[in-house]
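> kindly return the folded structure for what I paste below:
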Amino acid sequence: MKNARHRHKKRGKAGSGQKVDSALEEGIRLHQSGELQAAQRAYQRALATNPKDFQALYLSGVLSGQLGRPQEGTKLLRRALAISPDHVPSIGEFAKQAQMCGLLEESVRALQRLIELQ
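Take a look at the predicted model:
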């Protein structure tokens, strides 16, 4: 997994950021080393602390797809895109997972959005 950490710094309340960062960083490390179930648990901890953490939503969505759970992945990616609607990797991943779920119209709309952003 290349460059899992993106520049988005959407964080919650003061004081909770350190817990989110720690869980998120652990999730990224585990994800990159192939420990997918453990990474998912770490991302879930980050989201429990801050349900609107963009990185945790995006990466958990990607991981859900990798684990064969595209329905879960599309839900997480929708939430990430609500925060950062022009994040190209999120749009592309959403398009792929939406197609896997049979959500062809949503997948096509996402692909059209990707073209617009290029």
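> tell me the helices and strands packed up against the longest helix along the chain.
Longest helix in the chain, counting residues (DSSP state H): helix 17-32. Applying 3 or more Cβ pairs under 8 Å, 6 or more residues apart in numbering; DSSP states H and E, one finds that helix 17-32 contacts helix 36-49, helix 54-66. Using the backbone N, CA and C atoms, a C-beta is placed for each residue, glycine as well.
> okay, how far is it across stretch 30-38, tip to tip?
Start-to-end span of stretch 30-38 (Cα to Cα, to the nearest Å) is 7 Å.
> how far does that stretch sit from its chain's centre?
Relative to its chain's centre, stretch 30-38 lies at 14 Å (Cα atoms, centre = their mean, to the nearest Å).
> that one: which residues count as buried?
In terms of neighbour count (16 or more other Cβ atoms under 10 Å), stretch 30-38 has its buried residues at 30-31.
> just the mean pLDDT for that stretch, thanks.
Regarding stretch 30-38, the rounded mean pLDDT is 97.
> what of stretch 53-60?
Mean pLDDT, stretch 53-60: 97.
> would you mind confirming that Leu24 is in contact with Tyr58?
No: taking contact to mean Cβ atoms under 8 Å, the distance of 10.6 Å between Leu24 and Tyr58 leaves them out of contact.
> quick check: Ala95 touching Ile115?
No: with contact defined as Cβ under 8 Å, Ala95 does not count as touching Ile115 (10.8 Å).
> who has more neighbours, these two?
Ala95 (22 against 7; other Cβ atoms under 10 Å).
> report the buried residues of the helix or strand hosting the more buried one.
Here Ala95 sits within helix 88-100, counting by DSSP states H and E. Buried residues in helix 88-100, counted by 16+ other Cβ under 10 Å: 90-91, 93-100.
> burial count for Pro85?
Per other Cβ under 10 Å, the neighbour tally for Pro85 reads 11.
> over to it. Which of the three states is it?
The local conformation at Pro85, judged by DSSP: H, G, I helix; E, B strand; the rest coil, is coil.
> please name the nearest non-neighbouring residue to Gln40.
Sequence neighbours aside, Leu63 is the residue nearest to Gln40 in space, at 5.5 Å (criterion: Cβ to Cβ, 6 or more residues apart in numbering).
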